[in-house]
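S.K.: below is the structure, and that's it, no one-letter string:
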């Protein structure tokens, strides 16, 4: 039902800017290089070089070894650095390695850690193990001597959990264990983010606030490519969790190609015309 | 806050004539009487058009035209030929779906989201479905008993008199006309006096499809026209959807005439939520059950029976959800709740709601701005309702939900069945065995499990007790239009 809302004119213009400011601009390839990361960081700070009124994105999301390059490139721009960790994307490694990887990324300056849960443990019913691991990673997000702790996003990999019951249960587990965000997917498994799965997670954070008094964010990631899709997610947030979550501090969109579509639609709203893809930078 | 800018569907796509005659024998004709009425847009009270109130003589002309078409053309046509016309009508409806959806929303007040996403797809699906049956009637398991004790193929009845309500004008037309024509009958149909426009547009579609003259006749009018039609001596079949009160009158006038009769009347459905139900899903189902089409639905889930142990939690979730419903311009694509169809209906809803307060139930509505003009009623909840209250027994036919509680499954069944009606019911539980147990015990024509107001042309629909008799839809729906 919420997929049929029709967002036009002023509402659409505002939604596009809001969506841009919620993007976690992501590159998670084996072929990532310092050069690729620096280029993406430039794009994150100034998505449209021709138009300074475009807001910057929320964060860039990279592999842990590229955190230093991202931190350096972003400087004091205000764009956060998020790093995947815990043997992303499969999570198949020992807890010690996962904790060490996380600690290293935080030390290198990552503001946010996107960890994956142990789906094998979850699906075999060992919820305790999943919970303990999240608690351990949360502890590894602590920064020494006065620095702000890194925020922890917990990736459920909903495509592998398969049922809504599992998604709801995993969401609750992650929130109880201290997650600051719950995130749908790694982007490496299909299906990645979907509207129904995000709806379940939004209901979970809404109910968690009511019952536990703590506010947790939501991040759908993977497969969100068009402005139309992004707006559907914003409508879902607005009508499920509520307007409080319409804030980059509590809702993110994990994406890469989405940003250029948002820019193209933004320009179309302003000028009435579409420019070709060559008028938007590919970084 | 994320405010949605207006997103209205354009009404330029519809072409409403200032005045309409009657559609008889394939032609537009003036009424022989001089009584006329106006149809208004219930969201603005603006007059949309003027139409004739058909007189007895008009009804007689229409029935004669239908009789002639039955004897000379339609009753003799092979099923596969009838199917071609029905398929053609179904395709034209699909092609003109947007126009018909806008017209329906203008005349009825229902949100465009509903007319576009629910009504029109179902209308087309109904014609497609019965088109498929037209040449397979011998295989429907409805053989006719011959005087010598043998079996023969079923035959059509002849002329069908059909009277339909205003809540789903075009969909109810489809439910009536599609099976009638598929079985080889001809039709005189009277749409409701507050919503004649889509039926009149359908008359145009019959011409566009080259349907032989007289197979479908549309006579507009109010109660008197309907009475003349159902009591006309030359009709063989009467089909009515509407209030139980009018249904009773029709049953009386048809009694002893040999006309075959089906009635689809009122309802006071129980929507039963058990403590193990998926709560958010149940909330959506409750909202869909009673606020879909402003509650102008005969099978609406107007009584919420909730297990007492989760009452508080469920009501909190329900109220939160109701606060997000958007009431307003039916043509706005973001509208959830449209206008009440008429001033008379609004009066009835108000009267019953006031009775609810006087009898001691607690009334609640979300903060909800109401437009200045037009007929509107906010989504409303009554808690602390007892079985004896009028709002628990009488059909309100508006966006008003009465909430009652139960303690055990047996009590839920008892309360659900404790009504003069029996059209539909809903059960919300994660336990499959309980669903089957409940469905077995509930005296209702349709029992929905973990869903509500779900329709399909292949599924028969109809009631127990004062909700009427006969079934529409599916293979069962053929029986009403065949001599078996």
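M.R.: Yep, it's here. These numbers were taken from a predicted model, which means no experiment stands behind them. Residues are numbered from 1 along each chain as shown, chains lettered A, B, ... in the order given.
S.K.: gap between the two ends of stretch B:84-104?
M.R.: Between the opening and closing residues of stretch B:84-104 we find a distance of 26 Å, counting by C-alpha to C-alpha, to the nearest Å.
S.K.: ugh, wrong one, I meant stretch B:14-34
M.R.: Span of stretch B:14-34 from end to end, C-alpha to C-alpha: 27 Å.
S.K.: mean confidence score for that stretch?
M.R.: Per-residue confidence for stretch B:14-34 averages out to 97 on the pLDDT scale.
S.K.: chain center to that stretch, what's the gap?
M.R.: Stretch B:14-34 has its C-alpha centroid displaced from the chain centroid by 24 Å (C-alpha atoms, centre = their mean, to the nearest Å).
S.K.: and the contacts of that stretch?
M.R.: With C-beta atoms under 8 Å, 6 or more residues apart in numbering or on different chains as the test, stretch B:14-34 has contacts from B:36, B:48-55, B:57-58, B:61-62, B:65, B:68-69, B:99, B:102-103, B:106, B:196-197, B:200, B:203, B:206-207, B:211-214, B:216-220. (C-beta placed from N, C-alpha, C; glycine too.)
S.K.: so which bits of the stretch 151-283 of chain A are right by chain B?
M.R.: Counting by C-beta under 8 Å from any C-beta of the partner chain, the residues of the stretch 151-283 of chain A close to chain B are A:203, A:234-235, A:238-239, A:243, A:246.
S.K.: ok, now with 7 Å
M.R.: Residues of the stretch 151-283 of chain A found near chain B, taking C-beta under 7 Å from any C-beta of the partner chain as the criterion, are A:203, A:234, A:238-239, A:243, A:246.
S.K.: and those residues, which is closest to residue B:134?
M.R.: Sorting these by how near they are to residue B:134, with C-beta to C-beta, puts residue A:239 at the top with 44.1 Å.
S.K.: tell me which helix or strand the closest one sits in.
M.R.: Counting by DSSP states H and E, the element that carries residue A:239 is helix A:227-240.
S.K.: that helix - what's its average pLDDT?
M.R.: Mean pLDDT, helix A:227-240: 97.
S.K.: list only buried entries from the residues of the stretch 151-283 of chain A next to chain B.
M.R.: Buried members of these, counted by 16 or more other C-beta atoms under 10 Å in any protein chain shown: A:203, A:234, A:238-239, A:246.
S.K.: and the residue of the stretch 151-300 of chain B closest to chain A?
M.R.: Among the residues of the stretch 151-300 of chain B, residue B:280 lies closest to chain A, at 5.2 Å counting by C-beta to the nearest C-beta.
S.K.: host element of the closest residue to that residue other than its chain neighbours?
M.R.: Counting by C-beta to C-beta, 6 or more residues apart in numbering or on different chains, residue B:280 lies nearest to residue A:203, which is 5.2 Å off, once chain neighbours are set aside. Secondary structure assigned from DSSP H and E places residue A:203 in helix A:195-212.
S.K.: OK, contacts around the closest residue to residue B:7 other than its chain neighbours?
M.R.: With sequence-adjacent residues excluded and distances taken as C-beta to C-beta, 6+ apart, residue B:7 is closest to residue A:6, at 3.7 Å. With contact set as C-beta atoms under 7 Å, 6 or more residues apart in numbering or on different chains, residue A:6 has these partners: B:7, B:333-334.
S.K.: let's have the residues you listed in CSV, adding distance to residue B:450.
M.R.: Formatted as CSV, those follow (distance: C-beta to C-beta, whole Å):
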residue, distance to residue B:450
B:7, 31
B:333, 28
B:334, 27
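S.K.: close to chain A: what parts of the stretch 301-450 of chain B are there?
M.R.: Residues of the stretch 301-450 of chain B that fall close to chain A, judged by C-beta under 7 Å from any C-beta: B:324, B:333-334.
S.K.: let me know how buried residue A:196 is, in neighbour terms.
M.R.: 12 (other C-beta atoms under 10 Å in any protein chain shown).
S.K.: I'd like the distance between it and residue B:225.
M.R.: Plainly put, residue A:196 is 48 Å away from residue B:225 if you go by C-beta to C-beta, to the nearest Å.
S.K.: residue A:21 belongs to a helix?
M.R.: Yes: membership of residue A:21 in a helix is supported by DSSP: H, G, I helix; E, B strand; the rest coil.
S.K.: let me see the contact set for the closest residue to it other than its chain neighbours.
M.R.: In space, residue A:21 comes closest to residue A:55 once its chain neighbours are excluded; the distance is 4.4 Å by C-beta to C-beta, 6+ apart. Residue A:55 makes contacts with A:17, A:20-21, as judged by C-beta under 7 Å, 6+ apart.
S.K.: please redo it, this time with the cut-off set to 10 Å
M.R.: Neighbour list for residue A:55: A:16-23, A:47, A:248 [criterion: C-beta atoms under 10 Å, 6 or more residues apart in numbering or on different chains].
S.K.: point out where chain B drops to low pLDDT.
M.R.: The model of chain B has pLDDT under 70 over residues B:1.
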